[in-house]
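Enquirer: generate a structure from the sequence data that follows.
(3 chains)
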Amino acid sequence: MSRENILKKIRTNKPAFQLLPEIDLKKFRTNLDLEEEFVKSVGSVGGKIIKVENKEEIKRGIKSLFPDAKEIISLVDDVDIGTINLGTISSAKELEKLELAIIKGEFGVAENGAVWLSDKNFTHRSLPFITLHLIIVLESENIVENMHEAFLRLSDFNEGYGVFISGPSKTADIEQSLVIGAQAALSLNIFLIKNT
Amino acid sequence: MTGHPEAAEIFNRNEAHVNWHDQALWFVREKRDKASSQIKGWEELRQLASEIKAHTLSNLNEYLIQFEKEATKNNVNVHWAEDAIEHNKIVYEILQAHNMKRIVKSKSMLTEECGLNHYLEEKGIEVIDTDLGERIVQLAKEPPSHIVMPAIHKKREEIDQLFHLHLNTELSGGDEVYLTREARKHLRQKFLDADAAITGVNFGIAETGGFVVCTNEGNADMGVHSTKLHIACMGLEKLVPKFEHLGIFLRLLARSATGQPITTYSSYFKSPQQGDGMHIVIVDNGRSAQLGRSDFRSSLHCIRCGACMNTCPVYRRSGGYSYGSTIPGPIGSILSPGFDLQKYSSLPFASTLCGSCADVCPVKIDIHKQLYNWRQIITEKTHVSFSKKIIMKATGLVFSHPKIFQLSSKFAKGFLRTIPRSLVNNLSGKWTKQRELPETPGYTFAEWYKKNRQQDVIGKKR
Amino acid sequence: MNVGLFIPCYVNQFYPQVAIATLELLEKLGVEVSYPANQTCCGQPMANSGFEKTSEQTYNLFIKNFHSYDFIVAPSGSCVYHVRNHLNTIEQTDEVKHVRNKTYELCEFLVKIIKKEDLKAEFPHRVGLHQSCHGLRGLHLGKSSELIGEDFSIPGKLLNNVKGIQLVQLDRPDECCGFGGTFAVAEEAVSIKMGNDRIQDHIAHNAEVITATDMSCLMHLKGIIRRRNLSVQVKHIAEILNSN
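Expert: Numbering: from 1, shown residues only, chains lettered A, B, ... in the order given. Next up, the predicted model:
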């Protein structure tokens, strides 16, 4: 009933049909270096970029950033420093003590330092949020310029969930003073590696 | 009935507080300016966003049907609520069916509009607002004063006291890092103990049946992924036709709201995790009526960024509470009269029609024009003080008859020069409370022209 | 071309020197200008207060007074904005359309129509330009600070050519002064606060004179300045452009 009432009111009240505008993405493209812009953007949103040549460097890098971390999940091949098998986890509660989550990012967006992750990259959707610290491994060639290009890249996306993550969680709700680390990950480190 | 002017006058009694509030919001406006100037094609984006929304509204019924169809295919339950009460009932019934008593909720102005928290709490359900700003005002038992920064009106010392009282924190002089960390611990427990999560919807995508929720804190995702039931509440105007359109809106939203290039988390929810439940409640509550008002229809473009509030010189100097409406500020002043013309009749007048709001609006709502248009409706349809009506009729009469105008000019100038100041002040009331009247020069331009140019032009041929 | 001089009602009443400056300026530039004596008002005060319907007779009188001129020029952005945008509630005859299309604010008339940017004026003072809102955002006399694009200002351009003038930079170059017509009395507290904040911005940057395209803004600011015994003065832009 409500559905019919609402739809009826809309049919009666809506304005004359207006066409969708043409969207010319060329208007938004620049000549900026994608990797350079991405690195700048990640920095400006409170994240950190570490450029590496290989996965060994990632392992070393993580060990030096988080020498005392004991509860680790790694979903990245050859960065096998995980101490918990995600396959054994059945609820978010079990991840409450998680210190590091290491996930492969699909692609990054230069204009805002965001990285796209989805059901393709991890099971247990709470993983990148409930972890104390989030680490993303991203191939440096997988960077697009802006959100238009991002959605072009996602035109075949068919998973049930995905998220753009730009930096660590944050808030400025107390007198506009920025605090890094709100309800989700306290930090975001992105290891930028040449395509493997 | 008190309205905006009375509340604003009280707000202005503490000038230091007004300055602090004004500066805080102006700072956000400046961040917005910086962010929007840093990308190529900002004005083009605004134009596209406006046209996409206008197109969507012109085909809204079809898009809602498409959205429902796709969402249903994705294992999502879609509900329709004609008004706030029905919305609240639907949410309650879903929770009751699963015997769920502890709810975590991320920011949703729609649920605020419907009074959901109060409704559920009366039925014995605990609702925790998990956005830090919203949690602060929830503990203070206040409504949000700004749609993006709900606790912008609160000083750190007040928040310090609040947390000390409710969360047993140490007194810290308002140390934001300490308080945020304590809030995190407190909210973490709430997330893990919760049965269900309620979120709003920033954008619903007709093409896929999915929707996007944007947060900086990650509280929407923490809530949804920690629980087995997700209820998303969506105003029916929040649809966009295609997934790719998010490219435009996600570039505009955070830059307009806070000056960030994007919120920390822009989460796309399409189908629930295995074994979980997901519901969308599509809400009308006056939106389909607004759709029928051709002068005001484009207010439905609104993506709730709050940029209009940050730029409004009146909002900054009167605060969100002065408006007495769920959504305050410029956008609130053109949405609210549609709900209750009498109650919100002062809002379209709480403006100088400066037009700054329309210039920052990412979806190009001509707010200042709609404020003007609401004024015409309000004077016609609501109780306007008798004296105001008479004065306006008299003014209309004077200005439409040259001879009367000229006579009254003579009278006015003489009047102002010879009557004692105190009487003039009394009669001219509000103008002279903090301002001098203009001086009277002793002659009008019309008199000067007649004397010095010796012409009495009726009209020359082109 | 002949130009009809349209003088806002309160300028006629309280600031005739602004009207005189406007007239003299146009005459100096060789413009054939006259002032139709039966004009009263553009109807903005009533319409902005929600009484658009009571303005219609005033609109008709306006058209009657001005339709036979090639251009109509006023030293007021808000009145011109009103004529161009809100005289749409009366029947749109050819005369009405002509008047609405050919009514110009003074600065835009100088720059766009008679294409004169240097008026050989001299005004050796520190001047703050208050960018009256209707002229700025309504008539696009300049780029507002909210919009992203190339900076420009028609009044600014004219002032920059005035000999000896020093234009000051403000913290908030285009925030509203708080006059807003009946807003000034209906929302008195906020109106005064806005006005005072504007004045303080000019004082903080050492402006001796605040100028604007709209005398209504300046009337409101001057009222506050006098009440608070502040030292900054106000002058309509026509007076500055006419000074030499």
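Enquirer: list the contacts for the residue in chain B that chain A sits nearest to?
Expert: Across chain B, the shortest distance to chain A (Cβ to the nearest Cβ) belongs to residue B:218, at 2.6 Å. Every residue, glycine included, has its C-beta placed from N, CA and C. By Cβ atoms under 8 Å, 6 or more residues apart in numbering or on different chains, the contact set of residue B:218 is A:129, A:169, A:182, A:183, A:184, A:185, B:264, B:265.
Enquirer: now intersect the residues you listed with the strands, please.
Expert: Counting by DSSP state E, the contacts of residue B:218 place residue B:265 in strands.
Enquirer: quick one: which of the contacts of residue B:218 is most hemmed in?
Expert: Comparing the contacts of residue B:218 by number of neighbours (other Cβ atoms under 10 Å in any protein chain shown), residue A:183 comes first, having 31 neighbours.
Enquirer: OK, contacts around that one?
Expert: Residue A:183 makes contacts with A:129, A:169, B:130, B:132, B:184, B:187, B:188, B:191, B:217, B:218, B:219, B:222, as judged by Cβ under 8 Å, 6+ apart.
Enquirer: if we go to 7 Å?
Expert: With contacts defined as Cβ atoms under 7 Å, 6 or more residues apart in numbering or on different chains, residue A:183 is in contact with A:169, B:130, B:184, B:187, B:217, B:218, B:219, B:222.
Enquirer: distance of the fifth one from residue C:66?
Expert: What that stands for is residue B:217. To residue C:66, residue B:217 is 59 Å away according to Cβ to Cβ, to the nearest Å.
Enquirer: which of the two has more neighbours?
Expert: Comparing residue B:217 with residue C:66 by other Cβ under 10 Å, the one with more neighbours is residue B:217, at 30 against 22.
Enquirer: grab the nearest non-local neighbour of the residue of chain B found nearest chain C.
Expert: At 2.8 Å from chain C, residue B:352 is the closest residue in chain B, using Cβ to the nearest Cβ. Among residues not flanking residue B:352 along the chain, residue C:180 sits closest, at 2.8 Å (Cβ to Cβ, 6 or more residues apart in numbering or on different chains).
Enquirer: in a helix, that neighbour, correct?
Expert: No - under DSSP: H, G, I helix; E, B strand; the rest coil, residue C:180 sits outside any helix and is assigned coil.
Enquirer: is it true that it touches residue B:353?
Expert: Yes - the pair formed by residue C:180 and residue B:353 meets the contact definition of Cβ atoms under 7 Å, at 6.5 Å.
Enquirer: tell me where the stretch 101-250 of chain B has strands.
Expert: Under the criterion DSSP state E, counting those that start in this stretch, the stretch 101-250 of chain B contains strands at B:102-105, B:126-129, B:196-199, B:203-205, B:211-215, B:229-235, B:239-240.
Enquirer: just the CA coordinates of the second one, formatted as PDB?
Expert: It refers to strand B:126-129. Presented in PDB, the C-alpha positions along strand B:126-129 are these (Å, rounded to 0.1, in the frame of the first residue of the first chain):
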ATOM      1  CA  GLU B 126      19.100   0.800  23.400                       C
ATOM      2  CA  VAL B 127      20.300   3.000  20.500                       C
ATOM      3  CA  ILE B 128      23.900   4.200  20.600                       C
ATOM      4  CA  ASP B 129      24.900   6.900  18.200                       C
END
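Enquirer: buried residues in stretch B:300-317?
Expert: Going by neighbour count (16 or more other Cβ atoms under 10 Å in any protein chain shown), the buried part of stretch B:300-317 is B:300-317.
Enquirer: among the residues you listed, which lie within helices?
Expert: Assigned to helices by DSSP state H, the following of the buried residues of stretch B:300-317 qualify: B:307, B:308, B:309, B:310, B:311, B:313, B:314, B:315, B:316.
Enquirer: quick check, residue B:138 in contact with residue B:127.
Expert: No - with contact defined as Cβ under 7 Å, residue B:138 does not reach residue B:127; the gap is 8.4 Å.
Enquirer: can you count the residues close to residue 58?
Expert: With no chain named, the answer covers chain A. Neighbours of residue A:58 (other Cβ under 10 Å): 24.
Enquirer: not quite, go with chain C.
Expert: 26.
Enquirer: for chain B, see how far away it is.
Expert: Distance of residue C:58 to chain B, computed by Cβ to the nearest Cβ, to the nearest Å: 4 Å.
Enquirer: give me the nearest residue to the residue nearest the centre of chain A, chain neighbours excluded.
Expert: By Cα atoms, centre = their mean, the mean C-alpha position of chain A lies nearest to residue A:165, the distance being 3.0 Å. Closest residue in space to residue A:165, ignoring its immediate chain neighbours: residue A:115 at 5.4 Å, by Cβ to Cβ, 6+ apart.
Enquirer: contact partners for the one you found?
Expert: By Cβ under 7 Å, 6+ apart, the contact set of residue A:115 is A:105, A:108, A:136, A:138, A:165, A:190.
Enquirer: can you flag the buried ones in the residues you listed?
Expert: Neighbour-count burial (16+ other Cβ under 10 Å) applied to the contacts of residue A:115 gives A:105, A:108, A:136, A:138, A:165, A:190.
Enquirer: how close does the fourth one get to residue B:262?
Expert: Spelled out, it's residue A:138. Between residue A:138 and residue B:262 the computed distance is 16 Å (Cβ to Cβ).
Enquirer: which regions of chain B sit below the pLDDT cut-off?
Expert: The model of chain B has pLDDT under 70 over residues B:1, B:385-401, B:403-428, B:454-462.
Enquirer: the longest helix in it is where?
Expert: In chain B, taking DSSP H as the definition, the longest helix is helix B:15-37.
Enquirer: can you list the buried residues in that one?
Expert: B:18, B:21-22, B:24-26, B:28-29, B:31-33, B:35-36.
Enquirer: ok, stretch A:45-64 next?
Expert: Buried residues in stretch A:45-64, counted by 16+ other Cβ under 10 Å: A:45, A:46, A:47, A:48, A:49, A:50, A:52, A:55, A:58, A:59, A:61, A:62.
Enquirer: distance across that stretch, terminal residue to terminal residue?
Expert: Counting by Cα to Cα, to the nearest Å, you get 23 Å between the two ends of stretch A:45-64.
Enquirer: list of residues touching that stretch?
Expert: So stretch A:45-64 is in contact with A:39, A:42, A:78-79, A:81, A:102, A:113, A:135, A:137, A:166-168, A:170, A:180, A:188-194, going by Cβ under 7 Å, 6+ apart.
Enquirer: hmm, 6 Å instead?
Expert: Stretch A:45-64 has contacts (Cβ atoms under 6 Å, 6 or more residues apart in numbering or on different chains) with A:39, A:42, A:78-79, A:81, A:113, A:166-168, A:180, A:188-193.
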